[in-house]
Structure formats: C-alpha cells, structure tokens
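J.: Sequence and computational prediction follow.
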Amino acid sequence: MAVQQSSRQAPLKRGTRAEGTGTRWRDELIGWGFVAPFLVAYAIFLIYPVLRMFEMSFTYNSLVGAGGSQFLGLANYKELFSDPAFWSSLWHTALFTILSTPPLVIIALVFAMLTNRIRFAQWFFRFTFFAPFILPVSVAALIWIWLYQPGFGLISSYLGVIGLGNVGWLTDANVAMISIVIMTVWWTVGFNFVLYLAGLQEIPRELYDAAAVDGATPLAQTRWITIPLLKRTTILVLTLQILASLKVFDQIYIMTYGGPNFSTRPVIEYFYDQGFTNYRVGFASAVSAVFFFVILAASVAWFMYSNRREAA
Amino acid sequence: MAVETRNAAPDVQQKSPAVQEASMGGRRDKIGRVVAFVALLIMALIWLVPLAWAVDTSIKPESDTTAVPISWISSTFTLDAYKQIFAASSMLRWFFNSALTSVIVTAVVLVLASLAAYAFSRVPFRGRGVLFWVILAGLMIPPQMLIIPLFSEMQMFGFLNTYQGIILPQIASPLALFILKQFFDGIPQELEDSALVDGASRLRIYWQIWLPLARPAMAAVAIFTFVLSWNYFIWPLVVITSTDMMTIPLGLATVQSAYGIHYAQIMAAAVIGGLPLLIIFMFFQRQIVEGIANTGLKG
Amino acid sequence: MIGGGKQIVTFWNLFGGGDGARLGTMESKFRKGHPDLGLKSITLAWGAPYYTKLAMATVGGSPPDVAIMHISRKGSFAPAGLLEPLHPDELSRYGIGPDKYLPEVLDSAKYQGKIYAVPLDTHPFVQYYNVDVCKKAGLLDSNDKLKPLQGPDEIIKALKKAKEVTGAWGLSFYPSNDPSGNWRLFYSLYSQMGGKILSPDAKEVVLDQSKAEKALEFMANLTLDAKVLPASMDYGGSVATFQSGQAGFYWNGEWEVTTFQDAKMNFNMVPFPNVFGSHLAQADRHSFVIPKGVDPESKKRSLEFISSMLKNSLTWAKGGHIPAYQPVLDTRAYRSLKPQSNYASAAKDVVIDPVAWFSGSGSQLEIIASGIFQVVMAGQLSPTKGVNQFRNDLQKLVNTPKPI
C-alpha cells in the first residue's frame, strides 16, 4: 500500500531532546495554555450542560418552575423504564439506524467505485451525489414532503403506473419509516461517497493492473483488492454513520412529527415531547441520560469490534 | 478509531495521463467504463429529480402545482412565487443571520480546535490522554439533548434571541479537534524538533510551521463546520424567539406553516434556501473533496 | 413623560401569513393612536415551542409585556402562576370589561373564577362548500345556499353526491400527520352527543365508550366505506384539494377563508353540520395574556394595547376569526362581511378542549388523539381498539405527576 502509515501515537517521549525541569514546566504551561480556550468553551457548553442534565434527571424539575428541584431519587428512571412509549421510541431510533446504515454505506461505496472508474465528468457526479448533503434539513424535508404528496405528488404519480399510486408514503404507519430512510439516503449519502472516493484514490492503479494480468475479473478485483484496502475507510464511514443515525430527529420532526400515531417517533423526539411539550424537564433529562449510555455502550462495543477486526 | 495519516500526499490524480493510459488497456476495461458511466448517469438523474422537481414547481403558477396528472411543463412559467416569498418573509435577513453566525462559528472553531489539537498532538503535558478521551466522549452526545440546560444557561447570560446565543454553544467542536489532531499526528516530528532546537517558541512554531502545513485539513474542517452550522436546526429553534433573528433552516420550517398551502411558494423558499451553499459548493467542490482526502478523515 | 424615551410594549404572537399581515395592520393603528408608546411585536412559530418559550421566559424573569395565548392552554399556564389575573374593573377602565363579551366567551377566559385572558376571537371548526360542485350535486336551495344537512346518513349521502360531481373526492379534510386535525373532528362529533373527556378537575378520565366509538366509526366510514375522503391527505393536500375543486366540502377551522378568496373560488361557509344531535363544534380562542411579574405601569400600557387591538378587530375578522369583542360583532360592517359572518352564530356552539395541564392547542392530548384516530381512519385499527388506546393514553397523562 502506497500510503504511509504513521505511528498512531505521535512521538512524544519526554527526553527525546535535552530538557530540564524548565522545559517540562514550560510544556505543562504551554500545553494547558493552548488547550485552555477550547476547554473553557467545552466545559461551559458541553460538560456543564451534561452534568446539569444528569442532576436534573433525579429531580422533579419542571420547565415552568413549579415543584422546583425536589429530589426524586430514581423515580424518573423507574417511570421511564415502565413506559412502553419510551421503548418503542428507542426501537424506532434503532430501526432507523438498522435500515439507513446499510444503504448509506453500500450505495456510497458503489457510487464511489463507479465514479472512480470513469475518466471524464467526474466532477459532475461528485457534485450530483454530494449536493443534497449541503442542503439545510428543512429544504430537503420540504422537497420530499412535496414529492411524497399523495394524489398530485411526483412519486405517487410515477409509481401509479406500477400500481403504487395510493401508497401513503408519509401517512401509512407501515411505510413512513421507509420513506424517511429513502429521503435520508438521498440527502446524506454524498458525505460517505466523498469519503470513499478519497479512499479509493489512494489505492494504486498498479495493483489492479497486476491483478488484470493474472486474469482476475473486475468482480474479483473488487472483492480481493478494493474492499480489503478500503477496510479502514469502511470502519470510519460506519462509525460516523451509526453515530449520525442514532441522533436522528430533524427530518422526522419536520416530515411526520413522529407520526403516524408515533410510528416514526425517535427517542430524541420522545425526549423533546416530554421536555418541551409537557414541560417535564426532570423526566426528559432521565431520557437523555439513558440514551447517552445507550450510545456510549454502542460506541464502546463498536470500537472494540473494529479494533479487533483491524488487528486481525 | 482507525485513522491513518500521511506525509507527502501522493496525489493519484496527478499521475501523467500516459501512465494511466498504459496501465488501463484492454477492451473489457473500456466496456466496463462505459457500463459504469451509464449506470452512474442513471443514478445521477434519479438524484437530480427531486431538485429539478422543486425548481420546476417553484416556477409554475400556483394553480398548476396541484394539477392531475402532473406535468413538468406548465401553461406558463412565472417568478411570482419568488416575488411573494421575498415580499412576505424575511428571507434576506435570514440569509444574513445564517451567514454571520456560520462565519463566526467557523472562525472560532478553527482557532480553538487547532490550538488544542496542536497541544494534544505535540506538547507533552500532564493529563493529556485523559483529557483527550473526555473530549472524544463529546462526539457521542446528541446536541439535541442538551438544549434544556443550554437554554437556561443562555437565559442566565441574557443571550436568548441574540447572535451570541446562536453561536456560543457551537464553538467547542470535538469533531474539529479530532480531525485536526489526527492530521497533526501524521506530520513528522523532525520538523518541530529542529525548530525547537533553534529556540523558536511554541506559539511561533504553531503559527509559522503547523498552521501552513495544516491548511488542507483546516479547509476541510472549515467547510464542514460551516455547512453544519448553516444547517443547524434544533438549537436556533429553541434559542431564537423572533422572526428577524431566525436562520435559514428555521425560517424555512416556519414558512411551511405560514404558507402551508402554496406549493410553488414553498418550493421557491426551498430553492432560495438551498442555493447559496450549492453555489459555494459548485466553485469549491474540488477543494472540498480533496480536503477530505487530505485530512486523514478518509480512514 | 420625561424626555423622548418611549415606553415600549413587547408583544409575542404566533401569527404568520395572512393573519400576520392583518395583525400588522392593527398594530400600526395602535402605533398611530399612541405616539407616546413604542411597540415591539415578535412573531414566533406556532406549536409546542411557542408555549414552551413563553413559559420559560416567564419563569426566567424575562417575559414579554403581553402575549397571545390559545385559551385552551390556560390549563397549563394559569395554575402554574404564569399569568397575571385581570380584575374586571381594571378591564372596564380600558373599555374591555366583562360586559363586552358573550358570557360563554368570558367564561372560557376564567380559571377558578378569575379572569386570566382577554379573548380576541373564536375560531371554530366549520364547513366550507364549493358552490359550483354542490349546485351540480343538487345540494343547494333556490338561493344557492346549502340545504341544511343533518345526521350521519344524510351527510354521507351528500358527500357521495359531491364525489360523483368532482370525480375525485366528496370531502376534503386532513386525517394525516397533523397534530390537531383528527382531534378537532372527533371532539366536535363526540361533544355533539354530549360526551365529556375528563372530569372538571382533570383527575379522572370520563370517556364514554359507546359515544366515542360512534364518533370514530363515523370518521372511519368517511375514508373506508363511503370513501369520500382519502385517509392519506395531509393539511397542505386538503387545502389544495378543496381549492382545485377536487372536493365539494371541506372541514377545517375558518382560518383558510382568505386562501380561497385569494384563489377567487366560488365557495361558501356554514357552521359545522349537526351530525349527532347538535351543532357543537370544536373551537379555540386567541386571547391576550399578561405574564406574571410585570410591573403595574407596564401592565397599564399592555391593557391600553389590548384595548386598541380589540377595538380594531374588524380587521382581524376578515381572516375568518369571529371577533370576541361584542361591539365589533354588532357593527354593520361585520355583518356585511361575507362569508365570515355566516357562521358567526357558531361562536356560541363551541367546545373548547378540556382544561388540564396536558391539553389545549398543540398539546400532548391533541397529538396523541390525532395520531390514534389517524390509524383508525386508515383502517389499521378498529374504532373500538382506537377508543381503548385513547383511554389508556389519557389515563397515563392523568396519572403523570403534574409538572406545573
């Protein structure tokens, strides 16, 4: 592989150069000094809110003050775990992740491989596939609400030919989630596509030539050269994609408001409904806290899995 | 996370055409390329249909938008919907708000993240490892879930419905820090050592050596920060309490309820809302794509 | 006043589109009449975020001087101590005393006997009809007015006739993905039978199984058996369908009247029909409230502002809302406002959402109910099961510790 792999740990051993306690102190000072501005902002706008969230999750905290911060112990958590609506919203988030991740990775990879193969108009395809990604979520959602419109919408008109004219894309509880996934694939596949394209351009042409000389078919080349060499890209794409999919909210909020009958409501909207519509901040904070641990667990599991695979 | 970096970027695209030509060869290869091209073309058309339909709807007279059967060609084409959108909404103001806040967010993120990334990558200070993990954990927190504590915080500062209110919660970006650190990690240590031996200060090294080297990574981070900030939805939804302070995504979402029934107007608003970034992207797409390729984000 | 520093009234509202424009007209009349006062009018998006922000701003000590509130929301605002009570004498001083409203209207502004809101309008669920379509369907009398329709069978029959004329649909409505639509229809029908949802203290669910089922069966009949309405229609689609003549009737709040006027279509409006024994229809009222914690001087300025707005609410009435302020309602100008005044009588025959912390415009109650009923109308849940699910979810809300 032509790409040089650097040591993952930057060489940082103290003592690689002459040093006295003075340098060491200076390093401490400089290190913390450089990190400080970021750290202050991070502490104020991330760590503190997270800690507040945990704190509030044990209280009766209401958005409108009354009841104050009466300590409730684990009551919020108990209520949360016994609410089927919470579990179903958690399931919708999982379902969205399960349904959206494979197409978002596979389609991106296929598009990237095809684009990498052709020799002209590459810019056009790069533009076309990436462009939707930079649209604001409300633009993408408004366009798709319009496309999905029953009766005079583009999709039902075209699919009417094959007898799918009467599908309630956003209004049938059995279909709505799939429609959201389709819209999301259109909207965000471009990001993964670009990552793959970058990864593909790192693979030296010579490898394919050598394989071709040995009589390997394009399919075999894909199987034995492209996919293995893209393993690291794939792991990265998957990681970012799963994290992004788990956080789904915006497009669902705009397109179905979690409907029909809550069949698409993701856990973040459950949180939003509890906290913002019902004013139950303490309870909503418990939702956040639980979901935070779900993501954390998923991340750790994925990290260990991908590390093992990489080592293999 | 599996991220590799590189030193002198070997740009595959810069290979001479002759080499590429020689290395391809074979009729089968040619057929393969044609097939790939045709397949891509079909997919690209599918990808463009939603955008084209939005533009098409926006230039129809309102009464034609709901005609059945649907048609791409309307009796007349008109810019009425655009005129009405500009007349009835604060679209220009929203553009300004979005541009201002996104530019500031991007600039501040770059400064904070690159300074910190440099320190994490190059300065051996105590607590570095733990601190980095604490910051990485931030990647896992859905920002939507912090809006309530953030709201009360902003209220405390008196920043509700202000630009500061929109900007501040976005300035600490773990993702930007992470990308830049990965990039710095890949730059050979010798560069810095020789400068240190020369007695240059860290700040000067950062400024004169690292920042110029990091330009491609900075560009990629800048672009993504800008896009994310421009498109940020839920936080402005909460912190902004007046029409004239709204950003584009927020304003557009309210357009639907205010003009719920005029599809030409909704699509015109969508087109206007999406256009600026599309134009920017059209001009800079090479840099964006190569920026990603150069950051080490590619895996 | 000393110096040139104007005293400012800050005013939060949630009106976009045409309502927003008419509000602007009324505001400029206020500005003209009160050169000594400044007005800062802030429009926020409708829905849950509006009330959330209003509540948070009030709790946080930075509320607007005056704000618009749906009267159905008083159950979450008044008991939480977020609103300033308004004394009748105080209101009378500004010409907006209790005698200026219908008793029903005034009652809805009270919570535990005290007035907390000044009603601006009533906006009921009504029936629009396409004059041309209904004429062809033989549903009009000799004056081209809709012959009164009564009872489920007669209404379904009329809708079917309209469907034959349009070749598309008989009725337009929005069963799909709307947080309030199905609730509005259901609550209208259910209340016509005299049904109640909650006990007056909101501590008990008193849903009447057979009445609720009857209402839901009628709704499901529209989409499933009679097929006069598609279950998949959403709000935008419903307006477009009626506007393009693809339906003879339209059930919605009166607020789309200007949309159809602008489209120059030949339509008329009447109160929601008597389906199950009365003309009751779901409605809500926009009202002005003064958040708790303002100083007495700014309260006076706010009342001045409210008074000016009410007195100019003929402008407001053009948008379809029935003015709450009786002196405006009695003017010849209002009575000659057509079709708006055709359903003015509906202001009395209305039901407002039950009073509870989880009810009211855009609330959890409306969202839950609309969601369940949507699935029933799509044929994916039987009316009986729909009522059961609704009852369970209601019970859950009732059991939830009050967050206010």
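T.: Cool, got the structure.
J.: Could you find the residue nearest the spatial middle of the chain?
T.: Picking chain A for this. residue A:244 (1.2 Å; CA atoms, centre = their mean).
J.: oops, I was thinking of chain C
T.: residue C:284 (3.4 Å).
J.: Report how many residues lie close to residue B:208.
T.: 12 (other CB atoms under 10 Å in any protein chain shown). Backbone N, C-alpha and C define where each C-beta goes, glycine included.
J.: Please tell me I have it right and the residue nearest to the centre of chain A contacts residue A:192.
T.: No - at 9.8 Å, residue A:244 does not count as touching residue A:192 under the criterion of CB atoms under 8 Å.
J.: returning to that earlier point: the residue nearest to the centre of chain C and residue C:69 touch, don't they?
T.: No - in this structure residue C:284 lies outside contact range of residue C:69 using CB under 8 Å: 10.2 Å.
J.: anything in contact with each of residue A:244 and residue A:192?
T.: In terms of CB atoms under 8 Å, 6 or more residues apart in numbering or on different chains, residue A:244 and residue A:192 are not both contacted by any residue.
J.: quick revisit: may I ask which helix or strand encompasses the residue nearest to the centre of chain A?
T.: helix A:231-246 (DSSP states H and E).
J.: Next, the buried residues of that helix.
T.: A:232-246 (16 or more other CB atoms under 10 Å in any protein chain shown).
J.: who's in contact with the closest residue to chain B within the stretch 51-200 of chain C?
T.: Nearest to chain B, among the residues of the stretch 51-200 of chain C, is residue C:60, at 4.4 Å (CB to the nearest CB). By CB under 8 Å, 6+ apart, the contact list for residue C:60 reads B:152, B:155.
J.: hmm, try it at 7 Å
T.: residue B:155 (CB atoms under 7 Å, 6 or more residues apart in numbering or on different chains).
J.: Got phi/psi on it?
T.: When read as degrees, to the nearest 10, the backbone of residue C:60 gives phi -80, psi 0.
J.: rewinding a little: grab the nearest non-local neighbour of the residue nearest to the centre of chain A.
T.: Leaving out its chain neighbours, the residue that sits closest to residue A:244 by CB to CB, 6 or more residues apart in numbering or on different chains is residue A:188, at 7.4 Å.
J.: Hmm, the one you found is touching residue A:131, no?
T.: No - here residue A:188 does not reach residue A:131: they are 11.6 Å apart, not a contact under CB atoms under 7 Å.
J.: Tell me the residues of the stretch 151-300 of chain C that contact chain B?
T.: C:235, C:236, C:239, C:240, C:244, C:259 (CB under 7 Å from any CB of the partner chain).
J.: Just the ones of those residues in helices?
T.: Residues of those located in helices (DSSP state H): C:235, C:236, C:239, C:240, C:259.
J.: for the buried residues of helix A:231-246, which one is nearest chain C?
T.: residue A:245 (22.0 Å).
J.: which SSE is the nearest residue to the closest one once chain neighbours are set aside in?
T.: Excluding the flanking residues, the one nearest residue A:245 by CB to CB, 6+ apart is residue A:97, at 4.0 Å. Here residue A:97 sits within helix A:84-117, counting by DSSP H and E.
J.: what's that helix packed up against?
T.: With contacts defined as 3 or more CB pairs under 7 Å, 6 or more residues apart in numbering or on different chains; DSSP states H and E, helix A:84-117 has these neighbours: helix A:122-130, helix A:176-200, helix A:231-246, helix A:267-272, helix B:27-58.
J.: Deepest-packed of these, please.
T.: helix A:267-272 (a mean of 26; mean count of other CB atoms under 10 Å in any protein chain shown).
J.: do it and chain C meet?
T.: No - applying CB under 7 Å from any CB, one finds helix A:267-272 separated from chain C by no less than 8.3 Å.
J.: hmm, who's touching that helix?
T.: Under the criterion CB under 7 Å, 6+ apart, residues A:85-86, A:89-90, A:93, A:247, A:249, A:252-253, A:258, A:284, A:287-288, A:291, B:142, B:144-145 lie in contact with helix A:267-272.
J.: Briefly note if the helix or strand encompassing residue C:183 comes near chain A.
T.: Element membership for residue C:183, per DSSP H and E: helix C:181-192. No - applying CB under 7 Å from any CB, one finds helix C:181-192 out of contact with chain A, separated by at least 10.1 Å.
J.: May I see the buried residues of that helix?
T.: So for helix C:181-192, counting by 16+ other CB under 10 Å, buried means C:181, C:182, C:183, C:184, C:185, C:186, C:187, C:188, C:189, C:190, C:191, C:192.
J.: Would you reformat these as TSV and include pLDDT?
T.: Shown next, in TSV, are the buried residues of helix C:181-192 (pLDDT from 0 to 100):
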residue	pLDDT
C:181	93
C:182	95
C:183	96
C:184	95
C:185	97
C:186	97
C:187	97
C:188	96
C:189	97
C:190	97
C:191	96
C:192	96
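J.: Between these, which sits nearest chain A?
T.: So of the buried residues of helix C:181-192, ranked by how close each gets to chain A (CB to the nearest CB), first place is residue C:182, at 10.1 Å.
J.: so which strand or helix has the closest residue to the closest one other than its chain neighbours?
T.: Of all residues not flanking residue C:182 in the chain, residue C:373 sits nearest, at 3.7 Å (CB to CB, 6+ apart). Using DSSP H and E, residue C:373 maps to helix C:364-377.
J.: and the residue of the stretch 251-400 of chain C found nearest chain B, how many neighbours?
T.: Per CB to the nearest CB, residue C:259 is where the stretch 251-400 of chain C lies closest to chain B, at 5.6 Å. As a burial measure, residue C:259 scores 20 neighbours (other CB under 10 Å).
J.: packing partners for the helix holding residue C:373?
T.: helix C:181-192, helix C:209-224, helix C:383-399.
J.: Which one, of the ones you listed, ends up nearest to residue C:50?
T.: With respect to residue C:50, and counting by CB to CB, the nearest of these is helix C:181-192 at 18.0 Å.
J.: distance between the closest one and the chain's centre?
T.: 12 Å (CA atoms, centre = their mean, to the nearest Å).
J.: Model confidence score at the closest residue in space to residue B:208 that isn't next to it in sequence, please.
T.: Leaving aside its sequence neighbours, residue B:208 sits nearest to residue B:200 (CB to CB, 6+ apart; 7.6 Å). In this model, residue B:200 is scored at 71, pLDDT.
J.: Check residue C:332 too.
T.: Confidence for residue C:332, expressed as pLDDT, is 92.
J.: Residue C:343 now?
T.: pLDDT, residue C:343: 89.
J.: wait, doesn't it sit right on residue C:270?
T.: Yes - assessed by CB under 7 Å, residue C:343 is found in contact with residue C:270 at 6.0 Å.
J.: can you list residues touching both of the two?
T.: Contacts common to residue C:343 and residue C:270, judged by CB under 7 Å, 6+ apart, are residue C:126.
J.: Which residue of these two possesses the greater neighbour count?
T.: Taking neighbours as other CB under 10 Å, residue C:343 and residue C:270 compare with residue C:343 leading, 23 against 19.
J.: Wait, a helix at that one?
T.: Yes - looking at residue C:343 with DSSP: H, G, I helix; E, B strand; the rest coil, it is inside a helix.
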